[in-house]
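Asker: Okay, predicted coordinates and the sequence, questions at the end:
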Amino acid sequence: MSNIQMLNEKSSWQEHFCRYSIKKVTLSIHLFFLLLAFFLSRAVMFEAAVPFLLPLWAIVRHRYEKEKWSVLIGGVIGAVSLSLGQGIILLLQLGIYELFIRFRYWKPPLAIAVALSIFFGQFIWQGISYIGIPPFIVQLYIYYEVILAFFMTIFIKLFFVEPYRFWATSWSYERIGAGLVILAVVLTGMQSITISYFALFPFVLHLAILVVAITGGIPIAASVATIVGALVGISELSFTGMIAVYALTGVASGLFSGAGRIGVVVGSLLPSVFFFFYDTTLPLDSVYFVSVLVSSIVFFLLPQNMLDLLENIIRPKRDEVLLQRQEWLTEHTTEKLETFQRFVLFMKELVFDRFTSTENISEMRKIEPCATCMSCFRFDRCWGENHNGMNESIHKWFVAKSGLSESDQLFAEDRIRSKCVKSTKLLEELDYQLYNDKMNGQFYHGKKMIALQLRDLSNHLNKLMEDMKAETLSFKTIEEELSQEFKRTNIECFQIDVLSNTVGERVIVCSFVKKHSRDEQYLMCERLILPILFEVFSEPFQVERITEHKSPFHHFQVRFRSAVRYKIEYDIYSKAKGSNLISGDSHAIFHIHPGLVAVMLSDGMGQNREARRESRRLVRLMRECLSYNMNPETAMHTLHYVLSLNREVDMYATIDFALVDLQKGSLWSWKAGSMSTYILRGEKLLKVEGSSAPVGFMPVFSVETEKVNLLANDYVVMVSDGLFSSQYDWDEQEQYFVELLKSRIKVGMPIEALIYDVMDAYQSEYEVEDDCTVIILNVSHVVPEWAVFRPVS
């Protein structure tokens, strides 16, 4: 009990700490915008124009809605600190701006709305002050203020991008330049703030130069110091000689950046000391040096991780990025090559190590007179219109030679000897023909198997090369690809996390800006995002969950998952012949991935352990081939070839193989010597038939492939040939079996009882005289438990 209490206390403490951290970050952001607004509202250009608070208000109101009250409070306090009239002017301009933004019939761009608000606000105030049209010099200042506000809005918009993109967006030269302009204006607003021997303006400027010097080096430090110093000097129209001080401070501090923080501080002090003795007209007094000294102390106290972050923004570490790319390339390529190597080893073991003997079965061929018969004087008697059945005798000899029964072979030879006067020579020629058929069949299947294997090997290599070109060389992640697709469709998605990238099990979480209602969110996901995901991953997706979040800003997250639209229920009926305990049939049903189900049914020739062993071997080898991503057609040709290379035992077996795509609702069927597959759709019957020979039985082997689109509530039935007896009419048995299935399905009988009830009724009418296996699958929609309706197709 004490352990549980300790765990609860620990969990509660972690929750409190997490909440405190979030509140601390939120409070810091509010304080930042309040101080920024305060100093911008105090920044005076040309000793008369104060145009910088309204641009900040426009951008924050548009992108940082939670911080707008901090900006308003800080801006009003800063304006009132200049004069009460400046505070009234600011409120008047804010009111006019709100009218422009809320105007129903015309939505001007932000920069235009800000400029017009300042223009009308100043003209109204100055008109009231002068009781008429203000003087030209006042109008000139108003025009200056309008122009400055227009460009300041653009700079603030460039720098303060959407909150979710603030750190993720690249720091382009335009954005950095906009940040320097904002910094210069803020420093202008700080110039009049002095406490005893400490002045805020030189403190912040010198600290900024030190930070930039340690993170960016000489060029960045010199550029920042020169640009900011020039802008501040121009705003005051005085002390422009300080530009040289700031520029040399940036150069000297960057020059000594190799010596660490101490070198940067020492280097930054040298220009100030030099100009203190060189030019007495510059304002390098005790206040300046005390402020610089305090900024140096603060610089030493800054955390290193903050400086590392700034350095990575200013000067990205290309070597580390290239190293990461190289490591990723090595790891990814090695993984692909290892898979490829295992595949090759498996093929080598399958073809060369498991089977070593050579034996094949002759094709059921058209019987024609051979050379011995053509030269015989009894040719007309044997092959003419009144022939003595030589054609049938030779045909039965080929059939007997296809089996392993010596008695059947001796009987077929004796039958030929009784009818042919040149039987010895004829049998030798027939043996030669049989041998040629076997060799031709082996040669054909060897070429076919190698061709198909090379095709699969080529597919592996092509996929490897495509991955290297698409991902390795460009180092383009799937998240980046999705982000580009979203941008192309104008969808504002600021974060993409691919939690799982396995086929059929993909899970993707996307975060979007909160701009839509709940219904519009679902509509956007279904109409825009799901088609993009299908195009990128080539499989359907579904919206699993949508959640809204308010921290660190208002947004919503959508969790997408690979859509498995259908599910299957199945049952299997298996019965050995008579009273036997062993059946020659084998089957397997398994998921290749959640959206793809494999169904196999194999019937070995016979009803003994050998038949069961060979059918099981065929199913096992087929499953192993699929595990190496081998094409099903290639796998069946390969297994036919290797199973026909055995002289010792009869390895003939049928295979009925089906893949059920639960994502797209389709069935792929491959058959080799197997029975028809029945698809029951209400009163409608679809049949997938096959006429190929069993695996390992014929030298000329073919695999028949057929695709059928499935609908909900379809029943798929696969059977072995033992279901239908040779003593009764085949079509009647099939029709009766299908009618039994339809009658049970129509009354809604559960699938667990359906197949056994059907087989009991069927066996009461027809005798099942061989091993029999029936697999029935029901395809239905995946419907959540909370759904209020069920789809019908």
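Answerer: Yep, it's here.
Asker: what's residue 677 in contact with, if anything?
Answerer: Residue 677 makes contacts with 656, 658, 669, 671, 687, 688, 716, 717, 718, as judged by C-beta atoms under 8 Å, 6 or more residues apart in numbering. Using the backbone N, CA and C atoms, a C-beta is placed for each residue, glycine as well.
Asker: Repeat the analysis, applying 10 Å as the threshold.
Answerer: Going by C-beta atoms under 10 Å, 6 or more residues apart in numbering, residue 677 touches 599, 601, 656, 658, 667, 669, 671, 686-690, 706, 708, 716-719, 775.
Asker: so what's the backbone phi/psi at it?
Answerer: According to degrees, to the nearest 10, the main-chain angles of residue 677 amount to phi -100, psi 130.
Asker: quick one, what contacts the closest residue to it other than its chain neighbours?
Answerer: Ranked by C-beta to C-beta, 6 or more residues apart in numbering and with sequence neighbours excluded, the top spatial neighbour of residue 677 is residue 688, at 4.1 Å. When contacts are counted by C-beta under 10 Å, 6+ apart, residue 688 touches 656, 658, 667-669, 671, 674-679, 704-708, 716, 718.
Asker: Filter those down to just the ones in strands.
Answerer: 656, 658, 667-669, 671, 677-679, 704-708, 716, 718 (DSSP state E).
Asker: Pick out whichever of those sits closest to residue 129.
Answerer: residue 707 (84.1 Å; C-beta to C-beta).
Asker: Would you confirm that the closest one contacts residue 668?
Answerer: Yes. In this structure, residue 707 is within contact of residue 668 by C-beta atoms under 10 Å, at 5.4 Å.
Asker: what do the two both touch?
Answerer: Common contact partners of residue 707 and residue 668 (C-beta under 10 Å, 6+ apart): 659, 661, 688.
Asker: Pick the one among those closest to residue 485.
Answerer: Closest to residue 485, out of all of those and judged by C-beta to C-beta, is residue 661, at 24.5 Å.
Asker: ok, the closest one - how many residues close by?
Answerer: 20 (other C-beta atoms under 10 Å).
Asker: what does residue 411 give?
Answerer: Residue 411: 13 surrounding residues under other C-beta under 10 Å.
Asker: Excluding chain neighbours, what is closest to it?
Answerer: Excluding the flanking residues, the one nearest residue 411 by C-beta to C-beta, 6+ apart is residue 400, at 7.3 Å.
Asker: Was I right to think the one you found contacts residue 430?
Answerer: No. If you go by C-beta under 10 Å, residue 400 and residue 430 don't touch, sitting 11.2 Å apart.
Asker: between those two, what contacts are shared?
Answerer: Counting by C-beta under 10 Å, 6+ apart, the residues touching both residue 400 and residue 430 are 412, 413.
Asker: roughly how far apart are the closest residue to residue 43 other than its chain neighbours and residue 293?
Answerer: Using C-beta to C-beta, 6+ apart and skipping the chain neighbours, the partner closest in space to residue 43 is residue 189 (3.8 Å). Distance, residue 189 to residue 293, by C-beta to C-beta, to the nearest Å: 23 Å.
Asker: got it, and residue 120?
Answerer: 47 Å.
Asker: can you list the weak-confidence ranges in the stretch 451-600 of the chain?
Answerer: Scanning the stretch 451-600 of the chain for pLDDT under 70 picks out 451-476.
Asker: how about the helices of it, start to end?
Answerer: 478-488, 518-524, 530-537 (DSSP state H, counting those that start in this stretch).
Asker: who does the helix or strand residue 70 falls within touch, helix- and strand-wise?
Answerer: Here residue 70, judged by DSSP states H and E, is contained in helix 68-82. Packed against helix 68-82, as judged by 3 or more C-beta pairs under 10 Å, 6 or more residues apart in numbering; DSSP states H and E, are the following elements: helix 2-42, helix 53-63, helix 84-102.
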